[in-house]
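**Q** how does the following fold in three dimensions:
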Amino acid sequence: MASDYFIGLPQWKHPAWEASILPDSGQPELSQYAASFSSVEGNTTFYGLPAQETVKRWREQTPAHFRFCFKFPQSISHQSGLVHCEEELRKTFVQLAPLEQKLGMLCLQLPARFGPEHLPQLGHFLQQLPAGFRYAVEVRHPAFFDGGDAEKQLNVLLHTLGINRIMFDTRALFANPKTDAVTREALQQKPRLPLRVLATGSAPMLRFITPLHWQEGADWLQPWIGKLLEWIEAGKTPFVFMHTPSNTEAPELARWLAQQLEQQKPGLKGFDDWAGRPRIQQPGLF
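**A** Model (predicted):
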């Protein structure tokens with residue numbers, strides 16, 4: 001099944017999801033997750049590369065159309081500053097090689113200290129990446145969001161190389177600054193930067209986070225429906241990842257967005273509602 005877009009969450013398992021997308025304790029969580037969602041953000045690679053045997057299991061537990069979006073290790077993006085990291089880069093591709101065509105996007109998340117003066121290093125790094133893969137870059141330095149020369153140079157670089165600029169929409173979160181511990185942690189960790197809506201490559205990538213209760217972020221998410229459909233109509237393949245501060249309600253958030261897209265354009269491929277699958281009867285329940 002060829003997907004018109006890819007939608008997923010920042011992880012494939014969570015204790016709160018056992019009542020929805022992970023009801024079968026006898027099946028791998030990843031397999032159950034992939035029965036509904038067509039992609040996942042792989043944050044694990046940011047902290048360390050998995051063993052090839054683990055990667056092979058991931059490949060076997062997902063359908064052919066599923067796509068993983070992994071971050072480059074922090075040893076490349078944060079510690080080395082994109083220089084003298086050829087060996088780490090080589091290891092990244094070696095370890096992830098068993099996934100083959102299931103690598104949907106390789107993402108470079110740069111720290112806030114990575115500013116305009118580092119654009120030459122970014123250009124050199126991106127130009128040495130192997131062909132045949134989709135790449136995306138997330139920047140967090142304020143100078144890349146002020147409409148000045150640095151932002152223009154960044155966008156031209158990414159557009160020239162066909163690399164996607166990641167859009168992280170945190171507006172709904174910061175518009176609802178609750179005082180619970182989970183929200184406070186999210187407010188401290190997530191970037192509060194202007195939103196840039198643009199497709200510098202063929203696979204625009206959106207990361208979206210709501211308040212703890214996702215319905216409070218629906219007004220900020222609603223305009224994305226038209227933009228995503230516009231990109232799909234133009235032949236692009238968006239990747240969309242839905243977050244909440246605890247991710248407890250992230251499946252419902254993503255499901256709502258997928259349903260809105262389906263209503264506007266019936267027959268879209270990218271999401272399979274878990275409500276249509278038979279439920280697993282747990283022992284002791286009737």
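**Q** who's in contact with W256?
**A** The contact partners of W256, taken as Cβ atoms under 8 Å, 6 or more residues apart in numbering, are 214, 218, 221. The C-beta positions use only the backbone N, C-alpha and C, and glycine is treated the same way.
**Q** I figured the first one hits R255, correct?
**A** No - because the distance of 10.0 Å does not satisfy Cβ atoms under 8 Å, W214 is recorded as not touching R255.
**Q** ok, the two, which is more surrounded?
**A** Neighbours were counted for W214 and for R255 using other Cβ atoms under 10 Å; W214 has more, 26 against 22.
**Q** I'd like the next helix or strand past the helix or strand hosting A136.
**A** Using DSSP states H and E, A136 sits within strand 135-138. Stepping forward along the backbone from strand 135-138, the first helix or strand reached (DSSP H and E) is helix 149-161.
**Q** can I get that next one as CSV, trimmed to CA atoms?
**A** C-alpha atoms of helix 149-161 as CSV (Å, rounded to 0.1, in the frame of the first residue of the first chain):
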residue,chain,number,x,y,z
ASP,A,149,19.7,36.8,5.8
ALA,A,150,20.5,33.7,7.9
GLU,A,151,17.1,32.3,7.5
LYS,A,152,17.1,33.0,3.8
GLN,A,153,20.4,31.3,3.4
LEU,A,154,19.2,28.3,5.4
ASN,A,155,16.1,27.9,3.3
VAL,A,156,18.0,28.3,0.0
LEU,A,157,20.5,25.6,1.1
LEU,A,158,17.7,23.2,2.1
HIS,A,159,15.7,23.9,-1.0
THR,A,160,18.7,23.5,-3.3
LEU,A,161,19.6,20.1,-1.8
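**Q** can you list the strands that the next helix or strand after it pairs with?
**A** Past helix 149-161, further along toward the C-terminus, the next helix or strand under DSSP H and E is strand 164-165. The sheet places strand 164-165 alongside strand 135-138 (parallel), with pairing taken from DSSP bridges.
**Q** chain center to the strand it pairs with: distance?
**A** 10 Å (Cα atoms, centre = their mean, to the nearest Å).
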